[in-house]
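> what's the 3D shape of this:
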Amino acid sequence: MSSLSWRLIVVAVVLVLGLAFTLPSIESVRQSPLGNMLPGNQVSLGLDLKGGIHLTLGVDVDKALANSLAQAGQDIKAAAQEKEMTIIRQNMPDPKRLEFVLATPEKKEAFDELLKSRMFSGIRVVKADMVDDGKIQYAVAFTPEYAKNLQGLTVDQAVKTIRNRIDQFGVAEPDIRKQAGDRIQIQLPGLKDPDRAIALVGKTAHLEFKIVDDTVDASKVAKGQLPPGREIVMERLTGPNGEVSERPLVVKSEAVMTGEAIADARMTFDQQNNQPYVSFTLTPRGAKVFERVTGENIKKRMAIILDGKASSAPTIQDKIAGGRGQITGRYTETEARDLAVVLRAGALPAPVNVLEQRTVGPSLGQESIDNGVMSVGVACAAIALFMLVYYGFSGVVANVALVMNVVLIMAGLAMFGATLTLPGIAGIILTMALSVDANIIIFERIREEIRLGLPSRASIKEGFTRGSLTILDANVTTAIAAVVLYEFGTGPIRGFAVTLLLGIVASMFTAIFVSHTLMDLWMRGKGGETRLSI
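So this is what the prediction gives:
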């Protein structure tokens, strides 16, 4: 089989595959019998084309550090008890420092070795001073390296948690990515209920368990005068008639457990009043911590704090084993279900704030689609007309390659699950120009060879051989720029970079391989040497 035959087979196979991945994106084709035979891949439309919401969230990493330090204090206390060392008066005077007293000073050396162990490698001792009765007061904090790493992990975990929530909510093609400055960008195309989605994504579901301090004088609470290591949270109260009120509650600043210990959460109805509430199951480690904390605080109240407000503060009657609990608070069925979703998908490791919110309506998105399709059509028509007028039959070859180039770009977007945006449409138009530019370089080279007296067939071969090297160099440098844009750019810039990269690959194939094959096929059909229309 000749070289031309092999090239024709390759072009035909690529064209068929390109159409197979492009056609399902057309609604009429997708609903037809032919659509059942084609791959299910479709071109995903971005927020600016489909409509939806755009959110920018800020993650409170300082709160995550404070919670982690408080949990580390609980671990230090538990580890010390196992070695018959006693820790008392544990509190956090500020979010970055934990203080406690070693009541067994004769074991100071052993305790210092414990703090230096691998278990507490991220902890550093800020000070260790002698206090009353020979006891030793310690102040510890995270090392700078550990704190920086924990901040990064907090944002990464928040991104993963939000993605899990949105997947359970049923949003198609969400775009969730981490940005500089502890921020997260979220784009949710095609949402029909943006208000509920904003509430679901923006709801931190930051769950904390804190011990209530009922010994603080109420008059001091009213004046905001609190002992060190204490804070005020508002407790939600529901009256017999369903009216909701709040009252201040003094709790220890140190959280004895957070929502990270929750393994599962479900909406349930109580049998007496048929009111929805959320039941949860703890992880093995969380169950162990919960059992120890409840055993140490019998007859004290434990506040269940959700997003900074206490939903309830039950009294601990006995040590609670089994790792199960519930959150009540006169929730509606929808509120309880959404709360179970966010807890099951994972409570955020730190509170988040909605810094920016934009909504794009579906009508505006459809207008963008119509304008985008029209811009691509007008660009194709103008380029095709120019090539026909200026290059004659060779312009027809370039136009066929141009159409195939657009088909392959759309197929690539569908195949790789990329999202098409308005900047992406701009990238398609740019790569159309690049494709035609490559043909122009080759055609001008063929013209030069014909002027030098070479036959048409030899001129075609020489033009494609020499012109391809120039085209390759230009496209490689453009591809490098596109990779840099994709790596360091945000949503719209990355959308442009994706279509530009796909377009470069497609234009290289169509302008060099497909155009060369079609011109050789035409020359063979003419039976050898004939005057080339170029």
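> and the next helix or strand past the helix-or-strand element of the chain with minimal mean pLDDT?
Lowest mean confidence among the helices and strands of the chain (mean pLDDT, DSSP states H and E): helix 194-202, at a mean of 66. Next in sequence after helix 194-202, counting helices and strands by DSSP states H and E, comes strand 207-211.
> show me how far the helix or strand that that following strand is followed by is from its chain's centre.
Next helix or strand after strand 207-211 toward the C-terminus (DSSP H and E): helix 218-222. Chain-centre distance of helix 218-222: 44 Å, with CA atoms, centre = their mean, to the nearest Å.
> what does helix 218-222 contact?
Helix 218-222 is contacted from outside by 226, 232, 248, 250, using CB atoms under 8 Å, 6 or more residues apart in numbering. In short, each C-beta sits where N, CA and C put it, glycine included.
> report how many residues lie close to the third one.
Residue 248 has 13 neighbouring residues, counting by other CB atoms under 10 Å.
> quick check, it in a strand?
Yes. Judged by DSSP: H, G, I helix; E, B strand; the rest coil, residue 248 forms part of a strand.
> quick one on the thing from earlier: min pLDDT across the contacts of helix 218-222, which one?
pLDDT across those is lowest for residue 226, at 84.
> hang on, the earlier thing: okay if I get the contacts of helix 218-222 as CSV plus distance to residue 126?
Shown next, in CSV, are the contacts of helix 218-222 (distance: CB to CB, whole Å):
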residue, distance to residue 126
226, 23
232, 27
248, 32
250, 27
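> residue 435 reaches residue 504, doesn't it?
No. Taking contacts as CB atoms under 8 Å, residue 435 lies outside contact range of residue 504: 9.3 Å.
> who has more neighbours, these two?
residue 435 (28 against 22).
> that one: what secondary structure?
Assigned with three-state DSSP, residue 435 falls in the helix class.
> chain neighbours aside, what residue packs nearest to it?
Distances taken as CB to CB, 6 or more residues apart in numbering put residue 507 closest to residue 435, at 3.6 Å, once the chain neighbours are dropped.
> mind checking how far that neighbour is from residue 211?
66 Å (CB to CB, to the nearest Å).
> cool, and residue 290?
13 Å.
> mark which of the contacts of helix 218-222 are buried, thanks.
residue 250 (16 or more other CB atoms under 10 Å).
> the contacts of helix 218-222: which two are farthest apart?
Farthest apart among these by CB to CB are 226 and 248. That separation is 10.5 Å.
> what sits in contact with each of those two?
With CB under 8 Å, 6+ apart, residue 226 and residue 248 have common neighbours residue 232.
> hmm, back to that, report the buried residues of the helix or strand that the residue nearest to residue 435 is a member of.
Element membership for residue 507, per DSSP H and E: helix 491-508. Neighbour counts over helix 491-508 (16+ other CB under 10 Å) mark 491-492, 494-508 as buried.
> now stretch 244-264
Per 16+ other CB under 10 Å, stretch 244-264 contains these buried residues: 249-262.
> could those residues go into JSON lines alongside distance to residue 131 and secondary structure?
Formatted as JSON lines, the buried residues of stretch 244-264 follow (distance: CB to CB, whole Å; DSSP: H, G, I helix; E, B strand; the rest coil):
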{"residue": "249", "distance to residue 131": "30", "secondary structure": "strand"}
{"residue": "250", "distance to residue 131": "25", "secondary structure": "strand"}
{"residue": "251", "distance to residue 131": "25", "secondary structure": "strand"}
{"residue": "252", "distance to residue 131": "20", "secondary structure": "strand"}
{"residue": "253", "distance to residue 131": "21", "secondary structure": "coil"}
{"residue": "254", "distance to residue 131": "20", "secondary structure": "coil"}
{"residue": "255", "distance to residue 131": "25", "secondary structure": "coil"}
{"residue": "256", "distance to residue 131": "24", "secondary structure": "coil"}
{"residue": "257", "distance to residue 131": "29", "secondary structure": "strand"}
{"residue": "258", "distance to residue 131": "30", "secondary structure": "strand"}
{"residue": "259", "distance to residue 131": "35", "secondary structure": "helix"}
{"residue": "260", "distance to residue 131": "33", "secondary structure": "helix"}
{"residue": "261", "distance to residue 131": "33", "secondary structure": "helix"}
{"residue": "262", "distance to residue 131": "38", "secondary structure": "strand"}
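> so where's the stretch 151-300 of the chain uncertain?
168-173, 190-205, 238-242, 271 (pLDDT under 70).
> any stretches of the stretch 1-150 of the chain with poor pLDDT?
In the stretch 1-150 of the chain, residues with pLDDT under 70: 1-2.
> repeat the analysis, applying 80 as the threshold.
1-2, 26-32, 34-37, 40-53, 95, 132-133 (pLDDT under 80).
> SS state for the most far-flung residue of the chain relative to its centre?
Outermost residue of the chain with respect to the C-alpha centroid, by CA atoms, centre = their mean, is residue 453; its distance is 60.5 Å. Under three-state DSSP, residue 453 falls in the coil class.
> that older thread, give me the more crowded residue out of residue 290 and residue 211.
residue 290 (24 against 19).
> can you tell me how far that one is from residue 153?
23 Å.
> do residue 254 as well
21 Å.
> and if you look at residue 327?
Applying CB to CB to residue 327 and residue 153 gives a distance of 26 Å.
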